[in-house]
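Asks: Below is the sequence, then the predicted model.
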Amino acid sequence: MEEAIKILNQLRENSLLKDYAICEGVALVYYIEPLLTYDLDVMFIPSDKDKDRIDVLSNIYKYLTDRGYQESKEHIIIGDMPVQFIPASDKLTKEAVEKAREINYRGQNTKVILAEYLLAIMLNTLRPKDKERIVKFVDEYDFDRELLSKILNKFALNDIFSSLTGAHPDNNG
Amino acid sequence: MGKVREMGDNIGRILKRLIAGKSSLRRERANLPFEEKIKIVIKLQEIAENMRQSRGK
């Protein structure tokens, strides 16, 4: 994963993306016990010159393939890690990337989506695997309830949260 | 009747211990350094891949 993080930082330094943060499975692993996940999902805010393009990934992919990295379905393989780039396309995901937590991984700085935003994004996406992960996440992680409540209110996710967990963010646990 | 109840109580106690053990292990793993957790994820990927191959997929 080190090589992937190094490359992600390069993409930011070279203005191929404005900012990024690790999301989905690997981000979840940051907060709870390790689980099986096959790739490194990266949520990113496109650069100003790319933000209005339909193919928002093309410059990133060109930069990477020019350097010998191979595409594989929806991933690009960096080192030993399939990396999937997910554009932050709405207010919730943009805010999640902007407010992500700075961490250090093997001497390199990177960012991980905050737990409260990660949960909100899963509630918003709500694929079958998100539902499973939400239940596990809520059961195992001690959220900042004030922040969680604020985010769920702001993005109208309270009802989904309650229906899935049987709890209100203000009094879960 | 007494013996059945006693057996039920014993099983209940064992289950309680097992569940408590599992959740404390889960907490322990959740508190590992991120790097260590990623090593476990890679191990899990290897196990999943071996299983996939042994099923001939």
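Replies: Perfect, I can see it now. Keep in mind it's a predicted model, so treat the numbers as computed, not measured.
Asks: Stretch B:29-40: end-to-end distance?
Replies: With CA to CA, to the nearest Å as the measure, stretch B:29-40 spans 10 Å from end to end.
Asks: what's the average pLDDT for it?
Replies: For stretch B:29-40, the mean per-residue pLDDT is 91.
Asks: That stretch near chain A anywhere?
Replies: Yes. With CB under 8 Å from any CB of the partner chain as the criterion, chain A is reached by stretch B:29-40 at B:29-30, B:32, B:34-35, B:37-38, B:40. In short, each C-beta sits where N, CA and C put it, glycine included.
Asks: What ranges does chain A have for its helices?
Replies: A:2-13, A:24-31, A:58-66, A:91-98, A:115-125, A:128-140, A:145-154, A:158-165 (DSSP state H).
Asks: so what's A:His75 up against?
Replies: A:39, A:82-84 (CB atoms under 8 Å, 6 or more residues apart in numbering or on different chains).
Asks: Sticking with B:Arg29, tell me its helix or strand.
Replies: Secondary structure assigned from DSSP states H and E places B:Arg29 in helix B:2-30.
Asks: Bridged to A:Ser72, which residues?
Replies: Note on A:Ser72: beta-bridge partners A:His75, judged by DSSP bridges.
Asks: shouldn't it be in contact with A:Val83?
Replies: No. Between A:Ser72 and A:Val83 there is no contact under CB atoms under 8 Å: 10.0 Å.
Asks: Looking at these two, which one has more neighbours?
Replies: Set A:Ser72 next to A:Val83 and count neighbours by other CB atoms under 10 Å in any protein chain shown: A:Val83 wins out with 24 against 11.
Asks: Got the confidence number for that one?
Replies: pLDDT, A:Val83: 95.
Asks: Next up, the contacts around the residue lying closest to it once chain neighbours are set aside.
Replies: Closest residue to A:Val83 apart from its sequence neighbours, by CB to CB, 6 or more residues apart in numbering or on different chains: A:Leu40 at 4.9 Å. Contact analysis of A:Leu40 by CB under 8 Å, 6+ apart lists A:1, A:4, A:22, A:26, A:78, A:81-84.
Asks: cutoff 10 Å now
Replies: Neighbour list for A:Leu40: A:1, A:4-5, A:8, A:22-27, A:75, A:78-79, A:81-85, B:38 [criterion: CB atoms under 10 Å, 6 or more residues apart in numbering or on different chains].
Asks: who's in contact with the residue nearest the centre of chain A?
Replies: In chain A, the centroid-proximal residue (CA atoms, centre = their mean) is A:Cys23; its distance is 2.0 Å. When contacts are counted by CB under 10 Å, 6+ apart, A:Cys23 is found next to A:40-44, A:84, A:86, A:88, A:93, A:96-97, A:100, A:111-113, A:117-118, A:121-122.
Asks: Distance of it relative to A:Ala100?
Replies: Separation of A:Cys23 from A:Ala100 (CB to CB, to the nearest Å): 9 Å.
Asks: With that, I have no additional questions.
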